[in-house]
Each structure stands twice: as structure tokens, then as C-alpha cells.
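A.B. asks: just need the structure, nothing else, for what follows:
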Amino acid sequence: MIPDGTWRKRVSLISIGFIIGAVLYLISRERYLLFHGLVEVFSVMVAFTVFAIGWNSSRFTKTSFFVFLGVAYLFVGFIELLHTFAYSGMGIFPEYDANLPTQLWIAARYMESFSLLGILYFRNKRFNANSVFAFYFLMTAILVALIFGGAFPVCYIEGVGLTPFKVVSEYVISLILIGSIALLIRHTEDFDVSFRNPLYASLFLAVAAELSFTLYVDVYGIANLVGHYFKLLSFIFIYITLVRGSLIDPYHNLFRNLEKSRQEETERAEKLAEINEDLEAFTSAISHDIKTPLMVIETNAELLDAKARDGDVKRILSDIQISSKHAVNLVNDLLRLSRISYQTLNLVPVDITQLAAKIIDELKVSDPSRQVIIKIHEGMTVICDKELVTIALHNLIHNSWKFTGNNEISEIEVGMRRDGEVPVIFVRDNGIGFGPDEASSIFQPFKRLDSAKKFQGTGIGLTIVQRIVNAHSGIIWTESTPGEGATFFFTLEGNSSAT
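C.D. replies: Coordinates of the predicted model:
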């Protein structure tokens, strides 16, 4: 259904067209030469505008359709201009009679009809624009030379009228244009309806113009008048075809695609929010439905262990406690890992020095007998999500504490250095370390190094750390030597001004 605004616009354009047509008709009654000059000059202007638009549209289109069309109408317009200057009564070429403008007319029509047929036939091809221009320049030069040199067939004889060549040529040109219409119908799916319809209109009007020009005897006759009306309208619809196809529709398509992409992004965001809600509900259910039974098993095992007297029973109960604790830790790590993927970052300035000191103090309380040399750099502050970075630091420092457990004197350092403007946080220890061949797999989930298997762990800790760093658009890497310790480095984006 066509909107009211579009109808009003169309009615206005049709009304303006009728008014212009009526004015031109009145002018033709009194000053036919002026009428002819106005129609032809306007047609030439349209042709040159079609060239300007078509030539400059090459960067926006995948084929040479509009460039081909523009170049063709540039040279058709040039011959039309010569036709206007040569028309009877203009006095610009006094040595020639009415045959000259008729020859120029028929040459322009041949060029236009063959061009439209070729453009539609090669609609999906890509041609070099300069080569197309050179071809039309050469063909136009040959035609003009033949006409002014007297080698072109006679088209009009004073006092007699049109020659058989001219009449037959009009019918041939009409057949060529009808062939173009048939080609357009056959491959209609290759053309958008917005510029396919005005192209149809242009071709039908061109055929009507050619048939009108087969009927006149006097160059000032009514058939000539009607033919010029049809020809002018044909040029206007070619202009509409080009503007819609090379300018309006591409931009409409661009904005349509942008709007479609925006809507799709909104829908994806809404869908993602739903998925996150479902995932949050799932993780909560997992946390309750799995952790609770495991904690009940661990608690009951502790109660039984306190009452048991048999050594084998106590050993079994101890294994149950260890396994249940490991399972609880594994569930906790898996829940952390899943939440990182959809958790929104709350970026604030965070005191890394204070966080590291708190984690170390907790570890000392859990194992007060350890001899550990601790070094924590002062004044470390970064912009990050405090909750997530606390988890990352806890995992890294806990690993250092764990993997230095067999040392007589353990050393753990938490510090910061700068790579240019980017602060790099690191955790260094003198633990068991690992080789360069193992470094590539150390962040893979459930991947435990052979040297670390005798230490308790879930195999997810470093994966969690990597996910947290990635969530901050940072990077993490490691340097290590077997038996000499390891250093983990990581950056957090947006901290070039951190201290």
C-alpha cells in the first residue's frame, strides 16, 4: 500500500509535468524552433547529468552497469547537441539542409538503442571505465566524421520527406529497444524494482518516440512534436533509473542494513541477557544441589572419624573427607569459571598491594609453621574489577604458596613493572617450576603438569586467572625454569595511567 505522502508527491510531479508539457506545446505553436531547442537542450543536460552520476558511482557498485550507462549517454548527449545546433532555422551550419539534423538524430538513436541493449546484456560484468570511455569516443568520432563528410546515408530530402533508410532505421531501432525490454523481462530478478520500473518506462517511451518519428513529413509537424515529448520523457526516466539505482537505493540499503544490524544486535543482547539469567539460575542450582550433599558427606565423615577407633575405618573416613573437599573445591572453581564468561565488569581503582597482603596473611594463618620470605611492592593500584582480580591474585599466590611447600625457605614476590606505559603485575616464587614445553598447556582446564600432580588442586585455577585477564582485555604469560620457580605476568587494559 502506497503512503499518502507518496501519492501526494506523485500527483504533484504529474501536475507539474502536465503544466510544463502544456507550456511547451503553446511555445511550439508560436515558436517551434524555440520549443525544439528547449526540449533538446534539456535532454542534453539530462544526458550529461546521467554521465556525471554514472561515472562517479563506480566506486559504490560491483558492476559497470551505471558507468556504462553514464558514458553512453554522455556521447548520445553530444550528438544530440550537434543535432540541436544543426536543426533547420538555427543557422549554425548554413551549408547543410534538414538532412544533417536528421542524420545526427538517427545516429544518436542507434547509439542509444545499441548501448541500452549492450548494457542490459552485460549487466553483471565489470569493465574498465576508461576503456568504455575510449570506445565511445572513437565510435562518436567515426559517426560524426561520416555524417559531416557526406558518407552517411541520406535520411531526409527537402520537399519529399523521410528516406526509406530513415524510416527503416526507426523500425530497426524500435526492434532493438524491444529486444532490450525482452532482456529486462527475462532477467527481471537481477534488477531492483525501484529502478527497474523507470527503466521499463524509459524503454517503452523510446519505442513510442521512434514510431512517432516514422510518421512525420515536415520537421515542424505534429508527429515530430509528439516524438520529442516521448524522447524527453524517456531521458527523464533514464535519469530516474540512474539516480535510484546508483545513489538513492545504495544509501537506503546501507541505512536499512545498519538498522537491521542494530535490531539484530538488540535482539542478540536480549537473548544473551536471557541466557545469562538461565545460566545464573543453573549455576545457583548446581551450587545448592551438588555442594550441599558434598558438605553433608564431609561433615558426617568428620563426625564418624571422631568416634571411630579402628585404624582402617579412620583411613577410609579420611579419604572421604579429602575427596568431598576436593569435589566442593572443584564445584566452586567451575562456578567461578562459568560466571566470569557473563559477569559485567565493575571497574574501579583497586589497591593490589593491600589485596596481596591480605591473601598472604590468610595463608600464613592456615599454615603458621611455614618459613616464607614475602615481598610485596608498595603503591600498586590498577583499574579493574576488584572481585575478579581478587580471585585471580588468590589463585596465583595460592599456587606459589603451594608449589614452594617443599622448600626449606620459600620466597614469594608480588610486584609491578612497566612495559612502556602499561603496568604489568607479576607473582614470582622459587617453587618447582616447569619447562618451556609445558608452558603452552598450563592454562588449559584440568591440565595438570606431571611435577604438580603430587600437590592438591582442581586443575582449573590458572584457567580462571586467564579468563579474568581476558575479561579485562589484558594478556597473561609466564616465565619458568624447572626446580627454580615460576613468574606469572599479566596486564589489565585501561591502566596506562595506573600507579
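
A.B. asks: verify the stated contact: residue 394 with residue 358.
C.D. replies: No - with contact defined as CB atoms under 8 Å, residue 394 and residue 358 do not form a contacting pair (9.5 Å). Bear in mind the C-beta positions are built from the backbone N, C-alpha and C, glycine included.

A.B. asks: more crowded one of the two?
C.D. replies: The residue with more neighbours, out of residue 394 and residue 358, is residue 394; 19 against 14, by other CB atoms under 10 Å.

A.B. asks: SS state for that one?
C.D. replies: Under DSSP: H, G, I helix; E, B strand; the rest coil, residue 394 falls in the helix class.

A.B. asks: OK, contacts around it?
C.D. replies: residue 359 (CB atoms under 8 Å, 6 or more residues apart in numbering).

A.B. asks: just residue 122 next, same as before
C.D. replies: 64, 68.

A.B. asks: for it, give its distance to residue 415.
C.D. replies: 69 Å (CB to CB, to the nearest Å).

A.B. asks: ok, and what's touching the top strand by length along the chain?
C.D. replies: Secondary structure of the chain per DSSP state E: the longest strand is strand 410-419. Residues from elsewhere that reach strand 410-419 (CB under 8 Å, 6+ apart): 352, 356, 360, 370-377, 380, 393, 397, 400-401, 404, 423-431, 485, 491.

A.B. asks: if you set the cut-off to 6 Å instead, what comes out?
C.D. replies: 356, 372-377, 380, 400, 404, 423-430 (CB atoms under 6 Å, 6 or more residues apart in numbering).

A.B. asks: so what strands line up beside it?
C.D. replies: Using DSSP bridges, strand 410-419 pairs in its sheet with strand 372-376 (parallel), strand 422-429 (antiparallel).

A.B. asks: which one of the ones you listed lies nearest to residue 388?
C.D. replies: strand 422-429 (13.3 Å; CB to CB).

A.B. asks: averaged pLDDT, stretch 163-176. What do you get?
C.D. replies: Taken as a whole, stretch 163-176 has an average pLDDT of 88.

A.B. asks: so what touches it?
C.D. replies: So stretch 163-176 is contacted by 106, 109, 113, 117, 153, 154, 155, 207, 210, 213, 214 (CB under 6 Å, 6+ apart).

A.B. asks: go again using 8 Å as the cut-off
C.D. replies: So stretch 163-176 is contacted by 102, 106, 109-110, 113-114, 116-117, 153-157, 207, 210-211, 213-214 (CB under 8 Å, 6+ apart).

A.B. asks: what strand or helix carries residue 407?
C.D. replies: Assigned by DSSP states H and E, residue 407 falls within no helix or strand.

A.B. asks: for it, list the residues it contacts.
C.D. replies: So residue 407 contacts 430, 431 (CB under 8 Å, 6+ apart).

A.B. asks: got phi/psi on it?
C.D. replies: With angles defined as degrees, to the nearest 10, residue 407 sits at phi -80, psi 150.

A.B. asks: any idea how far it is from residue 375?
C.D. replies: Separation of residue 407 from residue 375 (CB to CB): 15 Å.

A.B. asks: show me the chain divided up by domain.
C.D. replies: For the chain, automatic domain parsing gives the domain ranges 31-263, 344-490.

A.B. asks: need the ones you listed in JSON lines (columns: distance to residue 315).
C.D. replies: Listed next are those as JSON lines, based on distance: least, CB to CB, whole Å:
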{"stretch": "domain 31-263", "distance to residue 315": "64"}
{"stretch": "domain 344-490", "distance to residue 315": "17"}
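
A.B. asks: by mean pLDDT, show me the worst of those.
C.D. replies: Sorting those by mean pLDDT places domain 31-263 lowest, at a mean of 78.

A.B. asks: neighbours of residue 119, how many?
C.D. replies: If you count neighbours by other CB under 10 Å, residue 119 ends up with 22.

A.B. asks: touching, it and residue 67? I think so.
C.D. replies: No - if you go by CB under 8 Å, residue 119 and residue 67 don't touch, sitting 9.7 Å apart.

A.B. asks: strands of the stretch 101-250 of the chain, start to end?
C.D. replies: 156-157, 161-162 (DSSP state E, counting those that start in this stretch).

A.B. asks: counting contacts, what elements does the first one pack onto?
C.D. replies: So that's strand 156-157. helix 99-121 (3 or more CB pairs under 8 Å, 6 or more residues apart in numbering; DSSP states H and E).

A.B. asks: buried ones in the helix it packs on?
C.D. replies: 99-117, 119-120 (16 or more other CB atoms under 10 Å).

A.B. asks: what helices or strands is that helix leaning on?
C.D. replies: Short answer (3+ CB pairs under 8 Å, 6+ apart): helix 99-121 packs on helix 65-86, helix 129-148, strand 156-157, helix 164-186, helix 193-212.

A.B. asks: and the first one with helix 129-148, angle?
C.D. replies: Translated: helix 65-86. 20 degrees (axes from the mean of the first three to the mean of the last three CA atoms, to 10 degrees).

A.B. asks: which secondary structure elements does helix 65-86 contact?
C.D. replies: Using 3+ CB pairs under 8 Å, 6+ apart: helix 65-86 touches helix 32-56, helix 99-121, helix 129-148, helix 222-243.

A.B. asks: among these, which comes closest to residue 470?
C.D. replies: Among the helices and strands packed on helix 65-86, helix 32-56 sits nearest to residue 470 (CB to CB), with 45.6 Å.

A.B. asks: what's the most buried one of the strands paired with strand 410-419?
C.D. replies: Sort the strands paired with strand 410-419 by mean neighbour count, taking mean count of other CB atoms under 10 Å, and strand 422-429 sits at the top with a mean of 22.

A.B. asks: quick one: contacts of it?
C.D. replies: 352, 380, 382, 393, 396-397, 399-400, 403-404, 410-418, 485-492, 495-496, 498.

A.B. asks: that'll do, ta.
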